[in-house]
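A.B. asks: turn this into a structure:
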Amino acid sequence: MGLATGIVLRGTGGFYDVRDDYGGMIRCRPRGRMRLDNLTILAGDRVAYTLLEQGLGVIEEILPRRSVLTRPSVANIDQLIVVSACARPNPQLTLIDRLMVLAESNGIEPMLCLNKIDLVTNDVAQNLATTYERAGYEVLKCSAKMGTGIDELRLALMGRVSSFAGPSGAGKSSLLNAIKPTLSLVTSAVSEKTGRGRQTTRQVELIELEHGSYVADTPGFSQLQLDGIDILDLGSYFPEIDRRSSDCRFSSCLHRSEPDCSILEAVEVGEIAQSRFDSYLLFLEELEQARIY
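C.D. replies: This next block holds a predicted model:
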């Protein structure tokens, strides 16, 4: 019998639940040599396996990955849905920008989902959305509580493997429950004292939605350093900077104090949001410090 293929949904106690290409579920263990080679199987991995009796299988190999995120570890993500509450907790613009760059630098398409729009005025939500729409990102405005924007979010997930990312309390699990109420994911209230939510997701697993859609329910992103990015490449992960950088006098322009810098000019006239540029400068400094030390 030839090898079958499927996608890993979760791992538990040395076994992996694999959804095969025909909709069946197979519980697999890795071949012994994979353990000896220290090969780590991740949620989202496409694997080839040998089918045994009684719905069991043996994973023979991990197929080539399109992308990998670490901490949490998940493979083959098509898009990263960056979730931010409009209030309770307040938006953390630097965190949003960091997650956007993290996605872009890993070849993953980012999208911003603004949740809890029912807690703010339309102007507040729209002003925040405009900052990122002008940068070049797709932005969805949602309220998990009121059901606003949920159909649009469900459509954005259709047929793709996505991951949600954002601070605790932003409403990631609430959004997933709104998309598929039968999930009944645990949610937590935001602390009145700290204005933050408690982490409710404990391990990485792929949640099946419909029409070939999967969402990685993760315990939050604990590794947010922008490791491995070349200083000269950072600007390419900010779409609004990338579009204009060819107009700078110097091809190696870092957009800080160089003469005839098109980015500095764009910030001065408001074509690039000051908050976005501030994030760029912060990340640039972090990358320089990492290179020094």
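A.B. asks: so where's the stretch 1-150 of the chain shaky on pLDDT?
C.D. replies: The stretch 1-150 of the chain contains residues with pLDDT under 70 at 1, 36, 71.
A.B. asks: and the strands in it?
C.D. replies: 4-12, 15-20, 25-30, 46-51, 56-62, 68-69, 74-75, 79-85, 109-115, 139-141 (DSSP state E, counting those that start in this stretch).
A.B. asks: how about these, which one is nearest L99?
C.D. replies: Closest of those to L99 is strand 79-85, at 4.7 Å (criterion: C-beta to C-beta). Heads up, the C-betas are built off the backbone N, CA and C, glycines and all.
A.B. asks: and the angle for the closest one with strand 109-115?
C.D. replies: For strand 79-85 against strand 109-115, the angle by axes from the mean of the first three to the mean of the last three C-alpha atoms, to 10 degrees is 20 degrees.
A.B. asks: give the contact list for A156.
C.D. replies: Going by C-beta atoms under 8 Å, 6 or more residues apart in numbering, A156 touches 79, 81, 111, 138, 140, 162.
A.B. asks: meant to ask about A216, not that
C.D. replies: A216 touches 43-44, 72, 74, 77, 161-164, 204-207, counting by C-beta under 8 Å, 6+ apart.
A.B. asks: please check these and keep the buried ones.
C.D. replies: In the contacts of A216, burial by neighbour count holds for 43-44, 72, 74, 77, 161-164, 204-207, counting by 16 or more other C-beta atoms under 10 Å.
A.B. asks: of those, which belong to helices?
C.D. replies: Per DSSP state H, helices hold no members of these.
A.B. asks: can you redo the residues you listed as JSON lines with distance to P91?
C.D. replies: Formatted as JSON lines, those follow (distance: C-beta to C-beta, whole Å):
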{"residue": "A43", "distance to P91": "28"}
{"residue": "G44", "distance to P91": "28"}
{"residue": "P72", "distance to P91": "22"}
{"residue": "V74", "distance to P91": "24"}
{"residue": "I77", "distance to P91": "23"}
{"residue": "V161", "distance to P91": "26"}
{"residue": "S162", "distance to P91": "21"}
{"residue": "S163", "distance to P91": "20"}
{"residue": "F164", "distance to P91": "16"}
{"residue": "V204", "distance to P91": "25"}
{"residue": "E205", "distance to P91": "28"}
{"residue": "L206", "distance to P91": "28"}
{"residue": "I207", "distance to P91": "25"}
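A.B. asks: re earlier: so which of the contacts of A156 comes closest to A103?
C.D. replies: Set against A103, the nearest of these by C-beta to C-beta is Q79 (7.8 Å).
A.B. asks: what sits against the closest residue to the closest one other than its chain neighbours?
C.D. replies: Among residues not flanking Q79 along the chain, E109 sits closest, at 4.4 Å (C-beta to C-beta, 6 or more residues apart in numbering). Taking C-beta under 8 Å, 6+ apart, we find E109 in contact with 78-80, 103.
A.B. asks: relative to R249, which of these is nearest.
C.D. replies: Nearest to R249 among those, counting by C-beta to C-beta, is A103 at 30.2 Å.
A.B. asks: that closest one is in contact with P110, isn't it?
C.D. replies: Yes - using C-beta atoms under 8 Å, A103 is in contact with P110, at 3.9 Å.
A.B. asks: buried stuff in stretch 38-45?
C.D. replies: 41-45.
A.B. asks: okay, and the common contacts of A103 and P110?
C.D. replies: Here A103 and P110 have 79-80, 82 as joint contacts, going by C-beta under 8 Å, 6+ apart.
A.B. asks: just the buried ones from these?
C.D. replies: By 16+ other C-beta under 10 Å, those give 79-80, 82 as buried.
A.B. asks: how about those in JSON lines, adding distance to V269?
C.D. replies: Converted to JSON lines, the buried ones among the shared contacts of A103 and P110 look like this (distance: C-beta to C-beta, whole Å):
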{"residue": "Q79", "distance to V269": "32"}
{"residue": "L80", "distance to V269": "30"}
{"residue": "V82", "distance to V269": "27"}
